[in-house]
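> No sequence on hand, only this structure:
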């Protein structure tokens, strides 16, 4: 059996993270966890949750800030560690995600669709400007004072026509992706290029992987929405996020009322769940893979 890798960016909720790991515990899976330095608990606190999957914790732990370059660094650290062992696919999840289908079904689907990249590709928009103008504080988008300073400085650069990364074709897509073995290794091989191009960018966690794909030999391997018989590109990464009940920065949180929709959908994973808002939905979803 080919093994698939799960790469998890976790930043809070110890009980919930254990539930996620248990839901992924399967002889066909290997799990890699980056636990944020500000999580409030340690890797030792997680303990021995899995019995069939090997779990690896990434060191050093990075303090990953929303919208910041630090998230890119944490993701690249996960991929770099995971590709040291061959896997047929690499699935990037948040610690607030859960699988909403049985792990055997998910594994079998990807084994019958080899060599594809599962990414939601979005139309070009104004956020791509964040890669065209030098950002003073790449981890500053989360905080209003530093975000405002970054925007003010960008406006000065725009008026003066001072740009960076000329010649790079930037693309935007989903942060949470499933990548084939070959492209994941290619991505890790582009580490120096990613560090150079995105060193002074912000909000680039949804840009760096689609951009690397766009300029790679793997550009034509994207899993298209037409494979589902429709044109909804939001389905291409097989993850459902509740944006209609969320905000600009974060999707809404599922409750027990969403259970029937999630388990009867075409999606494999969903986010976000939060133990502090509704533990019942987490328990019931995790029972699928008990």
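Here it is on my side, so go on. All values reported here derive from a predicted model rather than from experimental measurement. Numbers count the residues shown, from 1 in each chain.
> Who does the worst-scoring helix or strand of the chain on mean pLDDT pair with, and is each partner parallel or antiparallel?
Taking all helices and strands of the chain together, the one with the lowest average confidence (mean pLDDT, DSSP states H and E) is strand 121-122, at a mean of 84. Sheet pairing here is set by DSSP bridges, and for strand 121-122 it gives strand 172-173 (antiparallel).
> low-scoring stretches of the stretch 151-290 of the chain, by residue?
Confidence mapping of the stretch 151-290 of the chain against pLDDT under 70 gives the ranges 225-234, 246-249.
> Would you state the strands of it in chain order?
172-173, 178-180, 239-241, 269-271 (DSSP state E, counting those that start in this stretch).
> Is it possible to get TSV of those strands that adds distance to residue 203?
C-beta here means a position set from N, CA and C on the backbone, and glycine is covered the same way. Putting the strands of the stretch 151-290 of the chain into TSV (distance: least, Cβ to Cβ, whole Å) gives the following:
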stretch	distance to residue 203
strand 172-173	9
strand 178-180	21
strand 239-241	17
strand 269-271	18
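> and the gap between residue 82 and residue 179?
For residue 82, the distance to residue 179 under the criterion Cβ to Cβ, to the nearest Å works out to 10 Å.
> Between the two, which contacts overlap?
Here residue 82 and residue 179 have residue 90 as joint contacts, going by Cβ atoms under 8 Å, 6 or more residues apart in numbering.
> Single out the most deeply packed of the strands of the stretch 151-290 of the chain.
strand 178-180 (a mean of 26; mean count of other Cβ atoms under 10 Å).
> any idea of the pLDDT on residue 67?
If you check residue 67, the pLDDT there is 78.
> one step back: closest one to residue 23 among the strands of the stretch 151-290 of the chain?
strand 269-271 (9.9 Å; Cβ to Cβ).
> circling back: not counting the least confident helix or strand of the chain itself, show me its contacts.
Counting by Cβ under 8 Å, 6+ apart, the neighbours of strand 121-122 from elsewhere in the structure are 171-174, 206, 210, 222, 233, 236.
> how far out from the middle of the chain is that strand?
Centroid separation for strand 121-122 versus its chain: 14 Å, with Cα atoms, centre = their mean, to the nearest Å.
> List the strands paired with the helix or strand containing residue 6, with their directions.
Assessed by DSSP states H and E, residue 6 sits inside strand 4-10. Each strand that strand 4-10 pairs with, and the sense of that pairing, follows from DSSP bridges: strand 29-35 (parallel), strand 89-94 (parallel).
> Tell me which helix or strand comes right after the shortest one.
Under the assignment DSSP H and E, the closest C-terminal helix or strand after strand 89-94 is strand 98-99.
> now for that next one, which elements pack on it?
When contacts are defined as 3 or more Cβ pairs under 8 Å, 6 or more residues apart in numbering; DSSP states H and E, strand 98-99 sits against helix 14-24, strand 269-271, helix 279-286.
> quick revisit: which of the contacts of strand 121-122 sits closest to residue 23?
Of all the contacts of strand 121-122, residue 23 sits closest to residue 174, with 20.7 Å by Cβ to Cβ.
> Look up how far residue 10 lies from the nearest residue to that closest one once chain neighbours are set aside.
Distances taken as Cβ to Cβ, 6 or more residues apart in numbering put residue 120 closest to residue 174, at 3.9 Å, once the chain neighbours are dropped. Between residue 120 and residue 10 the computed distance is 22 Å (Cβ to Cβ).
> now residue 146
Applying Cβ to Cβ, the value for residue 146 to residue 10 is 25 Å.
> do the same with residue 119
Distance check for residue 119 against residue 10: by Cβ to Cβ, it reads 21 Å.
> Please give me every residue in contact with the closest residue to residue 280 other than its chain neighbours.
Distances taken as Cβ to Cβ, 6+ apart put residue 256 closest to residue 280, at 4.7 Å, once the chain neighbours are dropped. For residue 256, the set of contacting residues under the criterion of Cβ under 8 Å, 6+ apart consists of 278, 280-281, 284.
> on that earlier part again, residue 146 and residue 10 - which one has more neighbours?
residue 10 (25 against 19; other Cβ atoms under 10 Å).
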